[in-house]
Every structure is written in C-alpha cells, then in structure tokens.
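> Structure for this input, please:
(chains A and B)
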Amino acid sequence: MPLLRMRNASFIGGGCSVGPLTLEVWPGERAALTFASAREARLAARLASGIVKASSGRVLIGDYDPRVQSIHCKRIVAFVPHEPMSLSEPDFARYIAYRAALWNVDARHAGAYAAFLRERLGEMHEAFAYPLIGALIAMPDLVVLDRPAPVYAEQILGAIEARAVFSTHTNAAAARAFERPAVLRMTQA
Amino acid sequence: MTLRALTAVVAARLYEQRRVVSYAYIATAVVGLLQPHGAAGPVFFGSLLGIVIALAQSPGRYPHLDCCEQCAPLFGRELARAKALVPCIAVAIAAIVYAGAASARGSSDAPLALAIALPAVIATTLIALCAAIRHGSSQALYVSLACAASVTAYALAVWAHSLLGELAFCAVAAFVGLRQYGEALARYDPV
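Got it, this is the predicted structure:
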C-alpha cells in the first residue's frame, strides 16, 4: 500500500494555488518535486502532510483521507517545515517534551532519541536540525520535507533512514539531491 | 485528546506569552489600585485584556507552536479547547489580581466585583478568540461582539441586579464562542 497517493490533487485558497498533483510514494521510496515558487512548494508539502485539505482531486495518506481522518494521517506522516528554528538548550529540551506530549510518545524515549539524532546531525546547523529531530521523535512512516537545504541532504537522509520521503523544492538540483537512493549516495561518498 | 497533550499545549503557549501576561497582570494591579470600587473596572479592563490575549493566539505569532499544533494528531475542536484555555486562564488570574489590588485599597465589594467580572471576561475572551483566525471585517465583527458581550454582562449584573442572569448569559455566550472557534479551527487551512 502506498503511504502517499495524490490524484489530481490541487489546492486553491488564501490567494495561492498548487496542483493538480498526481503521485504515489511507497514505503522506503523518495519522491522530490520541483515547483516554480516557494509558495507552491510550501503548499504542496502541506497538502501531502494533510495540514491543508485538497480543494479538488484526492490525497490519501496510508489509506486515510485527511479531510475526514486527519488524526490517522498525522500519525503516519511527519512534516518538517522549511523555516529554521532558533532555540536555546533548555528550550530545545522543552520543545522535545512538548512534541512528545502532543504525539503521546514516552518522554524519556523521545529525549533519548532526540539526543541520538542530535549527535548524528552534528554537522548540520542546529536551527535546521531541530525541526527534523522534532518531527522524527514520533517515528513516522513518511517524512514530508518542505524545501530542505540541499547542502544538508546527506545528513537529513541519514537521519530519516529507511522511511519514505516526499520533499518539495524550488530548483531541480536540490530535488535531485533528495531523490537519489541512499545506496548510490553511500557508494559515491 | 489526552490530558498530557492538553497540558502541553496550554503550558507551551503560556510560556511563550509569559511576558505579555506578566505585563497584563502589572497593568491590572495598577488599574485595581486606581479604581478599586465597583464592577466596571474589572469587567471592562479584564475584557480588554481578554481580547488582547485572545488576539495574541492568532496564527503566525508563534510559528513553531502553530506548526506543531497543525501537524499533531489532534482534532480541530480539541485543539480549540486547549488553545481557548490559555487566554481564559490568563484573564481569570487577571480578574483575581484586580480583586486583590482593590482589596488592598480597602474596597469591600471586591469579592462581588470578582464574581461579576469572572464570567464576563471569560465569555468576552472566548468570543474574541473567533477573531484570532479571521481577518478584516469579520475579525472586527467578532471583536465588536466580544465588546457587546462584556457590556451586556455588566448591564445584567449591575443595572438589572441579576447575577444569575449574567451567569446564564455568559455561559451561553461562552459556549457559542468556543463552539464557533472549534468549528473555524477544524476548517482552517494554514496556507
């Protein structure tokens, strides 16, 4: 079963629009789409993670429709925003505890996994690492990245491991960095 | 929604708004010392604070909290209840601070003024929350409705001498306001 299915999905509202989009992302797959503007890329990522509902067409996350089963969708998918997050050390611990409470994840386990991911993302600027760490503590099956920084593609994909990834970009080179299979990347490295 | 998630949403928002809320308490204490008698001060000043703190819950003011809440496995109505608790707690404490300051100035009717002000400010705040996710004329309409609710509650309690009438009106207004906020949040698309 695909983790993400979009069939002519489009969104129109708030003075912006995106789509129609058609794609499938299966477990372990990576899909990267390039858009003409940052606004479209942001909207497409939000559409794929069930945060905004399709105006026309269909989006299914797992087997669930975000319009009626948003909670199930949000347990499958994790959304990583483009905006960096500037947090102090105590605020980061508070942020992880907050996210663990929202997703009803064991706080100690979340804290330990966050520390592990932070170690793993050591070379990445912490302002970009924090949103990714926050998203991954809920152990999602699908990770949606809104315009991730291509310079950190290696670290981001390493932290995401074998989970399915859907990312949106505003240039083709960045999209290619996130579409490459992990095995190929490791060979090249 | 689990109690843990509810507590987390409320605590995170109160923590982010701690400065605004602290200034509001200082201002409330000053106004309470300057105007210790009657219910007009706590009702109208508390309502004003309620509107300001409710509008501070607007999307975009705390983007990382907004993003987490939008991504979290919570229904819009559950999230609305959690977010509504934040300004309600803040204004309820403000009303108590006002009563404390008025008592310190020797006001004998401070407990009664608190009993009148508390339901009025909570109802006003919940109606004002509906303005927090709207823009333009509809936002102005909800702020006007919140002001009207405050005046009506005061009129019922002070001019009509019906504390029960005020309580009933505030309960209905608060319920409608919270329900409206929940419905709006459930349909809200954060673009």
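> Which part of chain B gets nearest to chain A, residue-wise?
Residue nearest to chain A within chain B (Cβ to the nearest Cβ): B:Ala8, separated by 3.5 Å. In short, each C-beta sits where N, CA and C put it, glycine included.
> Going along the chain, name the helices of chain A.
Along chain A, counting by DSSP state H, helices occupy A:38-48, A:70-76, A:89-102, A:107-120, A:126-136, A:153-160, A:172-179, A:182-188.
> Tell me how many other residues surround the closest residue to B:Tyr15 other than its chain neighbours.
The spatial neighbour of B:Tyr15 that comes closest, neighbours along the chain excluded (Cβ to Cβ, 6 or more residues apart in numbering or on different chains), is A:Arg94 at 7.4 Å. Residues within reach of A:Arg94, counting by other Cβ atoms under 10 Å in any protein chain shown, total 16.
> avg pLDDT for stretch A:130-143?
On average, the pLDDT along stretch A:130-143 is 93.
> so how far is the first residue of that stretch from its last?
15 Å (Cα to Cα, to the nearest Å).
> And stretch A:83-97, by the same measure?
Span of stretch A:83-97 from end to end, Cα to Cα: 20 Å.
> Could you pull out the buried residues of it?
For stretch A:83-97, a neighbour-count test (16 or more other Cβ atoms under 10 Å in any protein chain shown) marks A:Met85, A:Leu87, A:Asp91, A:Phe92, A:Arg94, A:Tyr95, A:Ile96, A:Ala97 as buried.
> Please apply the same query to stretch A:167-176.
In stretch A:167-176, counting by 16+ other Cβ under 10 Å, buried: A:Ser167, A:Thr168, A:His169, A:Thr170, A:Ala174, A:Ala175.
> In terms of pLDDT, where does A:Ala189 sit?
Here the pLDDT value assigned to A:Ala189 is 34.
> Find the nearest non-adjacent residue to the residue of chain A found nearest chain B, please.
Chain B sits closest to A:Ala101 of chain A, with a gap of 3.5 Å, by Cβ to the nearest Cβ. For A:Ala101, ignoring the flanking residues on the chain, the nearest one in space by Cβ to Cβ, 6+ apart is B:Ala8 at 3.5 Å.
> longest helix anywhere in chain B?
Assigned via DSSP H, chain B shows its longest helix as helix B:76-104.
> pLDDT on that helix, on average?
On average, the pLDDT along helix B:76-104 is 92.
> Let me know the next secondary structure element after it.
Using DSSP states H and E, the helix or strand that follows helix B:76-104 in sequence is helix B:110-132.
> So which bits of that next one are buried?
Buried residues in helix B:110-132, defined by neighbour count with 16+ other Cβ under 10 Å: B:110, B:113-132.
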